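I need the structure of the sequence given here:
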Amino acid sequence: MARRNDRVKQRSLAEERINRLFELAIEHAGNAGAEGNGATDGADGTFCATCVKHARTLAMKYRIRIKKPYNRYFCRKCNSFFMPGRNVKTRIYRNKVIVTCKNCGATRRYPLPERKNNE
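Numbering: from 1, shown residues only. Model prediction:
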């Protein structure tokens with residue numbers, strides 16, 4: 001039984017680490033946009049990509065799903081962190097949101113949430 005408890009503890013710790021890594025990536029992406037320096041853009045982009053790569057590695061190792069809001073922040077093909085206007089193009093077409101990575105060209109499609117009528 002001790003082995004199972006260890007696995008549960010490891011998974012919960014891994015979930016906390018994954019959440020923290022995505023929070024760090026979001027924080028650094030926001031800081032890079034506020035500063036506007038061309039010199040720091042590349043460094044923050046690589047830091048964010050590194051955070052995403054580590055988070056995905058942890059998720060695969062401990063068989064944890066990445067939460068839905070975080071799942072849409074990165075490219076599955078090249079692990080780059082999406083920073084709108086810099087490395088991602090977002091379009092709406094036929095009730096779908098189409099997200100295109102500018103680094104590798106991969107596209108992902110999400111259903112557009114239905115509008116609620118206030119009638």
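
mind listing what R56 touches?
Applying C-beta atoms under 8 Å, 6 or more residues apart in numbering, we find R56 in contact with I66, F74, N79. C-beta coordinates here come from the backbone N, C-alpha and C atoms, glycine included.

where does the most centrally placed residue in the chain fall, phi/psi-wise?
Centroid check for the chain by C-alpha atoms, centre = their mean gives Y73 as the closest residue, at 2.9 Å. When read as degrees, to the nearest 10, the backbone of Y73 gives phi -90, psi 0.

Please tell me how far the residue nearest to it when sequence neighbours are not counted sits from V99.
Computed as C-beta to C-beta, 6 or more residues apart in numbering, the closest residue to Y73 that is not its neighbour in sequence is F82, at 5.5 Å. The spacing between F82 and V99, counted by C-beta to C-beta, to the nearest Å, is 7 Å.

Between the two, which contacts overlap?
R72, V88.

just checking, next helix/strand downstream of the helix or strand bottoming out on mean pLDDT in the chain?
Least confident helix or strand of the chain, by mean pLDDT, DSSP states H and E, is helix 38-61 with a mean of 80. Downstream of helix 38-61, the first helix or strand assigned by DSSP states H and E is helix 68-71.

Need the residues that contact stretch 14-31.
Here stretch 14-31 has contacts from 44, 47-48, 51-52, 54-55, 58-59, 61-62, 64, 66-67, 70, 73, 81, 83, using C-beta under 8 Å, 6+ apart.

If you count neighbours, what's buried in that stretch?
A14, E15, R17, I18, L21, F22, L24, A25, I26, H28, A29 (16 or more other C-beta atoms under 10 Å).

Report the secondary structure state of the fourth one.
Translated: I18. helix (DSSP: H, G, I helix; E, B strand; the rest coil).

Tell me how far it lies from P113.
Using C-beta to C-beta, I18 is found at 25 Å from P113.
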